[in-house]
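J.: 3D, please:
(4 chains)
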There are 2 protein chains.
Amino acid sequence: MASEQNSTRIQKRNRATILDAALDVFSQSGFNGATVNQIATSAGLSKPNLLYYYPSKEAIFTALLSELLDVWLAPLRALDPQGEPIEEILTYVRRKLEMSRDMPRESRLFANEIVQGAPRLNDTLSIDLRKLVDDTVIILDNWMKQGKIAQTHPKHLLFSIWSLTQHYADFEVQVRALMSPQDPMDGAQEFLDDLYRNLLRPKG
Amino acid sequence: MASEQNSTRIQKRNRATILDAALDVFSQSGFNGATVNQIATSAGLSKPNLLYYYPSKEAIFTALLSELLDVWLAPLRALDPQGEPIEEILTYVRRKLEMSRDMPRESRLFANEIVQGAPRLNDTLSIDLRKLVDDTVIILDNWMKQGKIAQTHPKHLLFSIWSLTQHYADFEVQVRALMSPQDPMDGAQEFLDDLYRNLLRPKG
DNA sequence: GTCACATTTGACCATATGGTCAAAGTAACG
DNA sequence: CGTTACTTTGACCATATGGTCAAATGTGAC
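T.: Have a look, this model is predicted:
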């Protein structure tokens, strides 16, 4: 009879199991392609049992998205205006690349949703992410003004980091097919380091 | 009773209409999310009529993919080993960027499919595309050996061009949300030109 | 143990889906 | 006009899907 933060060990365990199963299924098939049954089976629960914890497929999806958004954007928030600019940016790139390696499901979850028009994410994009990006642009602009990094388009710079790093998760099948028998990400970090050092190095 | 290349004006028109409608629907919802009814309605046909021209949803999809693959890969095939290396590559980048602007549905069609593991495209990736990429890598390697472009990882270079350019089509909703009120691709070409000139310029 | 509450489930429902089929309508062509 | 082949459709089917519900089972506190 507590207010809302009821825990109940079993609930905690099952909700976590469900979200992990949902991440598997949604990231592989997208919202439309995924079925409640797949998620339930993958979580080791019956369908009605699943729907006892989350009232609908959509509820699972939004719970998953909101749970992941923070961790997904954390590396960008960690950009330190006081740090050494080029190293700060390269650190960000490396973290994003690590996330593509270690959390490919999360990356594909967002990719699926955004490619299909982000119908369940539009507010997040145009409000929260927008705010974060605007803040970051200010930092980048300052670095450019101070001559710490070369002049370039700050937003396109961010887009490029996202697309280049997430590519290894989102298009993994393709990258793997073309890189095999090597590891798909073999040499990726060196390449990106090189790319951004050349772009950002202040020019005489 | 002709062999197989029967035309029948009506067939040609309807097959084209269907594929265009299918491109709309599949690129927006992916294979699983799309329904035969949506495609039929969008094509102005009844469902049984649609299935008279293509025997199944899968048949529409594969017909669409195989029709588009050539045009999609054409810019890469156009890379000229005899041309001026940096300009050749920049031309390729520009063409890909134009395709993201002019053919975003095609880009998203492939993106959807690949993100979801390319279950209906795996052979194409590991055979045809692989061959094309291997050929291109030889060209790039030669240019590097001759000192015409800086040393870099040829495959990751290709991946980077794909991801950077297709990003503007595949993640258009996100880019638009973050660029508005400006045009989503405003400044993109200059940014990419700059990026690749800095990367590829031969270093002392 | 027992009682209240949390959890789980089989059976069920309305709707959507991919696909079929026989019959009706339309072109083409002599 | 009549015949043949092409095109279109309403009705239909089996299956899958998201979701509900009442009843059964488990669990923790006393």
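J.: looking at chain A, which helix or strand is least sure?
T.: Using mean pLDDT, DSSP states H and E, helix A:122-124 stands out as the lowest-scoring helix or strand of chain A, at a mean of 85.
J.: name the next helix or strand downstream of that one, please.
T.: Moving toward the C-terminus from helix A:122-124, the next helix or strand (DSSP states H and E) is helix A:130-145.
J.: what is the following helix or strand past that next one packed up against?
T.: In the C-terminal direction, the helix or strand that comes right after helix A:130-145 (DSSP H and E) is helix A:154-170. Helix A:154-170 is packed against helix A:85-102, helix A:104-115, helix A:130-145, helix A:188-200, helix B:104-115, helix B:154-170, helix B:172-179, helix B:188-200, with contacts defined by 3 or more CB pairs under 8 Å, 6 or more residues apart in numbering or on different chains; DSSP states H and E. Just so you know, the C-beta spots here come from the backbone N, C-alpha and C atoms, and that holds for glycine as well.
J.: next, the angle from helix A:154-170 to helix B:104-115.
T.: Helix A:154-170 runs at 40 degrees relative to helix B:104-115, counting by axes from the mean of the first three to the mean of the last three CA atoms, to 10 degrees.
J.: average pLDDT for helix A:154-170?
T.: Averaging pLDDT along helix A:154-170 yields 98.
J.: pipe the helices and strands packed on helix A:154-170 into CSV and attach mean neighbour count per row.
T.: Shown next, in CSV, are the helices and strands packed on helix A:154-170 (neighbours: other CB atoms under 10 Å in any protein chain shown):
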stretch, mean neighbour count
helix A:85-102, 18
helix A:104-115, 23
helix A:130-145, 16
helix A:188-200, 19
helix B:104-115, 23
helix B:154-170, 23
helix B:172-179, 21
helix B:188-200, 19
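J.: got these as TSV, with distance to DNA strand C columns?
T.: Formatted as TSV, those follow (distance: least, CB to the nearest atom of the strand, whole Å):
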stretch	distance to DNA strand C
helix A:85-102	30
helix A:104-115	18
helix A:130-145	32
helix A:188-200	37
helix B:104-115	15
helix B:154-170	23
helix B:172-179	22
helix B:188-200	35
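J.: burial of the closest residue to A:Asp194 other than its chain neighbours, as a residue count?
T.: Of all residues not flanking A:Asp194 in the chain, B:Thr152 sits nearest, at 6.3 Å (CB to CB, 6 or more residues apart in numbering or on different chains). Neighbours of B:Thr152 under the rule other CB atoms under 10 Å in any protein chain shown: 19.
J.: now do A:Gly187
T.: 16.
J.: wait, what's in contact with the closest residue in space to it that isn't next to it in sequence?
T.: Nearest-residue entry for A:Gly187: B:His153, 4.7 Å, with adjacent residues in sequence omitted and distances by CB to CB, 6+ apart. For B:His153, the contact set (CB atoms under 8 Å, 6 or more residues apart in numbering or on different chains) comprises A:Gly187, A:Glu190, A:Phe191.
J.: hmm, 10 Å instead?
T.: Listed by CB atoms under 10 Å, 6 or more residues apart in numbering or on different chains, the contact partners of B:His153 are A:Asp186, A:Gly187, A:Ala188, A:Glu190, A:Phe191, A:Leu192, A:Asp194, A:Leu195, B:Val137, B:Leu140, B:Phe159, B:Ser160.
J.: so who does A:Ala74 touch?
T.: Applying CB under 10 Å, 6+ apart to A:Ala74 gives the contacts A:Arg95, A:Met99.
J.: and the pLDDT at whichever residue of chain A sits closest to DNA strand C?
T.: Nearest residue of chain A to DNA strand C (CB to the nearest atom of the strand) works out as A:Pro48 at 3.2 Å. Listed pLDDT for A:Pro48 reads 98.
J.: I'd say it and A:Ala40 touch.
T.: Yes. Contact criterion CB atoms under 10 Å: A:Pro48 and A:Ala40 qualify, at 8.6 Å.
J.: which of the two has more residues huddled nearby?
T.: Using other CB under 10 Å, the more surrounded residue of A:Pro48 and A:Ala40 is A:Ala40, with 20 against 9.
J.: give me the angle between the helix or strand containing A:Asn14 and helix B:10-33.
T.: Assigned by DSSP H and E, A:Asn14 falls within helix A:10-33. Angle of helix A:10-33 versus helix B:10-33, following the same axes, to 10 degrees, is 170 degrees.
J.: what is the mean pLDDT for helix A:10-33?
T.: Across helix A:10-33, pLDDT averages out at 97.
J.: packing partners of the next helix or strand after it?
T.: Using DSSP H and E, the next helix or strand after helix A:10-33 towards the C-terminus is helix A:36-43. Packed against helix A:36-43, as judged by 3 or more CB pairs under 10 Å, 6 or more residues apart in numbering or on different chains; DSSP states H and E, are the following elements: helix A:10-33, helix A:47-53, helix A:57-77.
J.: kindly recompute the last result at 7 Å.
T.: With contacts taken as 3 or more CB pairs under 7 Å, 6 or more residues apart in numbering or on different chains; DSSP states H and E, helix A:36-43 sits against helix A:10-33, helix A:47-53.
J.: can you list the neighbours in contact with the shortest one?
T.: Judged by CB atoms under 7 Å, 6 or more residues apart in numbering or on different chains, the contacts made with helix A:47-53 from elsewhere in the structure are A:Asn14, A:Arg15, A:Ile18, A:Val36, A:Asn37, A:Ile39, A:Ala40, A:Ala43.
J.: distance of the nearest residue to the fifth one once chain neighbours are set aside relative to DNA strand D?
T.: Setting aside the residues directly before and after it, A:Asn37 is nearest to A:Lys47 in space (CB to CB, 6+ apart), at 5.6 Å. Separation of A:Lys47 from DNA strand D (CB to the nearest atom of the strand, to the nearest Å) stands at 6 Å.
J.: turn the contacts of helix A:47-53 into a markdown table, including distance to DNA strand C.
T.: Formatted as a markdown table, the contacts of helix A:47-53 follow (distance: CB to the nearest atom of the strand, whole Å):
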| residue | distance to DNA strand C |
| --- | --- |
| A:Asn14 | 5 |
| A:Arg15 | 9 |
| A:Ile18 | 10 |
| A:Val36 | 11 |
| A:Asn37 | 10 |
| A:Ile39 | 13 |
| A:Ala40 | 8 |
| A:Ala43 | 10 |
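J.: since that was my last question, I'll sign off now.
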